[in-house]
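S.K.: Provided below are the primary sequence and the corresponding predicted coordinates.
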Amino acid sequence: MSTSILTPKGLEGVVAAVSGICFIDGDRGVLAYRGIDIHELADKSTFEETCYLLWFGKLPLRAELNEFKRTLAEERKLDASIINLLRQIPRHALPMDVLRTAVSALAFYDPEEKVNTPEANLHKSYRLTAQIAMIVAAYDRIRKGKNMVEPDRNLSHAGNFLYMLNGEPPSPTAERALDIALILHADHELNASTFAARVTAATQSDMHSAITSAIGTLKGPLHGGANEAVFAILVQIDKNGADPVEYIKGMLAQKKKVPGFGHRVYHTEDPRATHLRRMSKELGQSSGQGKWFEYSRKIEEYINADKKLNANVDFYSASTYHTLGIDVDLFTPIFAVSRVSGWTAHVMEQLSDNRLIRPRAAYQGPAYPQKYVPIEKR
Ligand SMILES: CC(C)(COP(=O)(O)OP(=O)(O)OC[C@H]1O[C@@H](n2cnc3c(N)ncnc32)[C@H](O)[C@@H]1OP(=O)(O)O)[C@@H](O)C(=O)NCCC(=O)NCCS
């Protein structure tokens, strides 16, 4: 096949895989997992059921869901060496970097470390999904000098995460809010981190390497790191008593991009933002911390009108997570707590019909052939 097509910068608009996992219509603002609209999933499903849907391609029967939840909860185990690793990491380390390193290290203790079969990869998907949530919660407690909390296998994935983070069972409101956030973040087609995971998997490397690649990719402020950057702005506005709109005007005047706005695929409202906006408002009101939503709303109204840009998934997740009492540098790791379900689904799909992903580059360097000049003559 000819390799002469130069694709747009950033692969914009390029269709690079066939996938049956996630459907997006960027013009209509539609997102669906396995054909089921995200609004329905956010209203009616749970993270565990969504995970089942992503991995198995259909909604589970009651018995299948119960078995799925039991298996996922049973995998709430971390080898003592991983906990030692978390204890040895410098306290200033960012949780996202800790997660990347710890997930890589998980491979050493995985009973199927060197097995790359569909069965082993499904087992690893359960394990990684359970363990990533545990690592994020455990490291936060370790860095704060608190005792680690043993997992509670009777709690939901969201409930157990909040329990291990805070040391007390969450309120039903907090548990459901996080559960919805996890559903909303679970998959998003060929986003940058999922693409990274698929590229790694396609070399016939292994699941842990693919998820480690994905975590490193999610970290960046143009991708999952945007939710932390959004909150940093809200804090600045609050600390300085600044007018939110004036603050944003100042950023735009300096040609800075406002985190939490714009999207490569959506040309209308990101359907995930609709739910996060509502949650940010409701949680803000019920916790007496409505100011974060108020600042956010003013910023959104201004950017909608002035730049014709819409809020994306990261904008209101910032104030939502803060109102749930979660530290800002855990926002992106929590994205990973959810997105691992989509990454693993994509790795399994990639391997079910694999071909090495190896594009070409259009060479624009010095014309060939150049002479090799010996070092003493340069
Ligand atoms: C998401 C994002 C990386 C998409 O990037 P992209 O598809 O490459 O789009 P571009 O960066 O080329 O943006 C297109 C135009 O919109 C503007 N724009 C896009 N996002 C913007 C933002 N958040 N703030 C201000 N302007 C923005 C760009 O400056 C550009 O304007 P120009 O044509 O006048 O130069 C980009 O919108 C962004 O950086 N957003 C902020 C980070 C973020 O929230 N990331 C999480 C995504 S879920």
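M.R.: Good, I have the coordinates.
S.K.: The nearest residue to M279 once chain neighbours are set aside sits in which helix or strand?
M.R.: Of all residues not flanking M279 in the chain, T320 sits nearest, at 4.9 Å (CB to CB, 6 or more residues apart in numbering). From N, CA and C alone the C-beta is placed, and that goes for glycine too. Using DSSP states H and E, T320 sits in helix 313-323.
S.K.: Which secondary structure elements does that helix sit against?
M.R.: helix 172-185, helix 226-239, helix 271-287, helix 291-307, helix 331-352 (3 or more CB pairs under 8 Å, 6 or more residues apart in numbering; DSSP states H and E).
S.K.: Report whether it contacts the ligand.
M.R.: Yes - residues of helix 313-323 contacting the ligand under CB under 6 Å from any ligand atom: 313-314.
S.K.: Give me the angle between that helix and helix 226-239.
M.R.: With axes from the mean of the first three to the mean of the last three CA atoms, to 10 degrees applied, the angle from helix 313-323 to helix 226-239 works out at 60 degrees.
S.K.: ok, residues contacting helix 313-323?
M.R.: 177, 181, 184-185, 188, 224, 226-228, 230-231, 234, 259-261, 270, 272-273, 276-277, 279-280, 283-284, 287, 289, 292-293, 295-296, 300, 328, 330-331, 334-335 (CB atoms under 8 Å, 6 or more residues apart in numbering).
S.K.: Out of those, which end up buried?
M.R.: 177, 181, 184-185, 188, 224, 226-228, 230-231, 234, 259-261, 270, 272-273, 276-277, 279-280, 283-284, 289, 292-293, 295-296, 300, 328, 330-331, 334-335 (16 or more other CB atoms under 10 Å).
S.K.: Check I5 and give its pLDDT.
M.R.: For I5, the pLDDT comes out at 84.
S.K.: what separates T117 from Y126, distance-wise?
M.R.: 15 Å (CB to CB, to the nearest Å).
S.K.: who has more neighbours, the two?
M.R.: Taking other CB atoms under 10 Å, T117 and Y126 do not tie; Y126 has more neighbours (18 against 10).
S.K.: Please name the nearest non-neighbouring residue to the more buried one.
M.R.: In space, Y126 is closest to E75, 4.9 Å off (CB to CB, 6+ apart).
S.K.: Please work out how many residues are found near the one you found.
M.R.: Neighbours of E75 under the rule other CB under 10 Å: 19.
S.K.: Distance check, it against F68.
M.R.: Where F68 is concerned, E75 sits at a distance of 11 Å (CB to CB).
S.K.: Could you double-check that P169 sits in contact with L155?
M.R.: Yes - here P169 reaches L155: they are 7.3 Å apart, a contact under CB atoms under 8 Å.
S.K.: Give me the common contacts of those two.
M.R.: Y163.
S.K.: More neighbours: the two, which one.
M.R.: The neighbour count for P169 versus L155, taken as other CB under 10 Å, is higher for L155 (18 against 14).
S.K.: Next up, identify which helix or strand that one is on.
M.R.: Counting by DSSP H and E, L155 is found in no helix or strand.
S.K.: which residues touch it?
M.R.: Counted by CB under 8 Å, 6+ apart, L155 has contacts 73, 163, 169.
S.K.: for the closest residue to S319 other than its chain neighbours, what are its contacts?
M.R.: Spatial nearest neighbour of S319, chain neighbours left out: W292 (3.8 Å); criterion: CB to CB, 6+ apart. By CB under 8 Å, 6+ apart, W292 lies in contact with 234, 238, 280, 284, 318-319, 322-323.
S.K.: A73 now?
M.R.: Taking CB under 8 Å, 6+ apart, one finds 130, 151, 153-155, 160 in contact with A73.
S.K.: Give me the pLDDT value at it.
M.R.: pLDDT, read off for A73, is 98.
S.K.: gap between the two ends of stretch 347-363?
M.R.: Length of stretch 347-363, first residue to last, CA to CA, to the nearest Å: 30 Å.
S.K.: got a list of contacts for it?
M.R.: 3, 6-7, 16-17, 19-21, 55, 116, 118, 121-122, 125, 197-199, 201-204, 207, 210-211.
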